[in-house]
Structure formats: C-alpha cells, structure tokens
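>>> coords please:
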Amino acid sequence: MVMEKGPSMSLGSLGWMKESAQIAHTVARAILLEKEPDNPFFANSKLHLHVPAGATPKDGPSAGCTMITSMLSLAMKKPAKTDLAMTGEVTLTGRILPMGVFIVVYQVKEKTIAARRSEVKTLIFPSANRRDYDELASNVKEGLDVHFVDDYSQIFNLAFGEHEAAEKLSVRLHCFDQIFLRRGSCGNQTQFCTMS
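So this is what the prediction gives:
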C-alpha cells in the first residue's frame, strides 16, 4: 500500500477484485471510526492497493478480510498478530462470506497445506467452510490453531487482540490467495501459496 494525502483510494489493476477492495476500504473506514473516532488516517490519506496476482476467476475473490486487516494495521499503527493467515470475502456489513464457489474442499485443503509449508499456525476461515475443513485428513490439520468466523469483528479480535508485538516494524499478514501484505507495501509471495 502506498499512502498519499487525500481521502481516497486508487486500485491499480485489480480487475474484477476492485469491488472487493472498495468494500474492504469502506469497512476499514467504518471500523476505524468505531475503534478510534479521532484517528484522521482515512480522511488524510490516499491509498494505492497493489495486488499483482489478483484473484483466480474460478475461485472468486476472498482477500477482503486480509485487505481490511492490512488497512487497519496501517491506520492504527498497530501490528497484526504474526503467524496469521486468513481467507474470506467481506460484505459492507462486515459479514464473512464462504470462500469460492467451485471445488471448495480442494481450496480448503490447498490453502491449509500452503499455510503449513509457510509455518503459519493460526488460520482463519469463514464459518461456512467449517465442514470442508473438518473433512481434511488429521495429519493436514495437526498443530494448527484454526478459527471459523462469521463477522469481521471476530477477525479484528484475533488479529489485533493481545499478542506479542516484538516485530513492530515487520507486520506480516498472509492471505491464502497469494497476497502478501507488509506494512507500507505489498507484493506477491509465491512460496506461501503455490497451488498446483
């Protein structure tokens, strides 16, 4: 993310993820207003969200919760919990939608394996995908702290609740959809989620 003066957001070449990014921006603004009413970040900043990989058309967008978390981390100057991966699209009311519309069990399995490969232990999935996760083999799920959420407020508590802030300048959030966000920038992290 790149910041400039002015209360707006530039979306670069997000293609069909633009609506997802716009919703994330709207929800992040509403949450910041609730949590820190005197924080002028969104009123005084112009954001440019750069997502080189975008969404996989057959899967649908599911990076909304990660974009919101990244924007809030930047706005509040507060790192999100490290070792955290999430997926799920968000509505304007903050409701978390189930990921994907095709081959969901495959997506849950691949995303869980990708997190394990990256040594991420805390995963957040939409509640609607709990059954898909439960169907995975026990060795795939072993040692993971998995949370199923219905509303972004649950993600907020998991990401920004009490946790060690040892890496104050190196905030790392993982979105299962090959989006790697770091405080002040974002780019593609192919090693995190290589889907075959």
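>>> correct me if wrong: residue 35 contacts residue 75.
No: in this structure, residue 35 is not within contact of residue 75 by C-beta atoms under 8 Å, at 9.4 Å. Any C-beta I mention is one placed from the backbone N, CA and C, and that applies to glycine too.
>>> more crowded one of these two?
residue 75 (21 against 14; other C-beta atoms under 10 Å).
>>> which ones are touching the more buried one?
Counting by C-beta atoms under 8 Å, 6 or more residues apart in numbering, residue 75 touches 28, 32, 36, 39, 41, 42, 45.
>>> quick one: pLDDT of the fifth one?
I take that to be residue 41. Note on residue 41: pLDDT of 94.
>>> in which helix or strand would I find the nearest residue to it once chain neighbours are set aside?
Sequence neighbours aside, residue 75 is the residue nearest to residue 41 in space, at 3.9 Å (criterion: C-beta to C-beta, 6 or more residues apart in numbering). Using DSSP states H and E, residue 75 falls within helix 64-76.
>>> what's downstream of that helix, the next helix or strand?
Counting by DSSP H and E, what follows helix 64-76 is strand 84-86.
>>> parallel or antiparallel, list what pairs with that following strand.
The pairing partners recorded for strand 84-86 under DSSP bridges are strand 122-126 (parallel), strand 172-175 (parallel).
>>> next, give phi and psi for the residue lying closest to residue 30 once chain neighbours are set aside.
The shortest distance from residue 30 to any non-neighbouring residue, by C-beta to C-beta, 6+ apart, is to residue 94 (7.8 Å). Reported as degrees, to the nearest 10, the phi and psi values for residue 94 are phi 90, psi 0.
>>> let me know whether residue 94 touches residue 150 as I believe.
No: under the criterion of C-beta under 8 Å, residue 94 makes no contact with residue 150, lying 9.4 Å away.
>>> between those two, which one's more packed in?
residue 94 (20 against 14).
>>> gap between that one and residue 17?
19 Å (C-beta to C-beta, to the nearest Å).
>>> same question for residue 117.
24 Å.
>>> same question, residue 67
In this structure, residue 67 and residue 17 are 9 Å apart, going by C-beta to C-beta.
>>> which non-adjacent residue is nearest residue 140?
Nearest to residue 140 is residue 112, by C-beta to C-beta, 6+ apart, at 5.7 Å.
>>> got the buried residues for the host helix or strand of that neighbour?
Per DSSP H and E, residue 112 falls inside helix 104-117. Going by neighbour count (16 or more other C-beta atoms under 10 Å), the buried part of helix 104-117 is 104, 107, 108, 109, 110, 111, 112, 114, 115, 116.
>>> for the residue lying closest to residue 65 once chain neighbours are set aside, give me its contacts.
Nearest residue to residue 65 in three dimensions, chain neighbours excluded: residue 88, at 4.7 Å (C-beta to C-beta, 6+ apart). Residues near residue 88 by C-beta under 8 Å, 6+ apart: 62, 64, 65, 96, 97, 98, 99, 124, 125, 126, 149.
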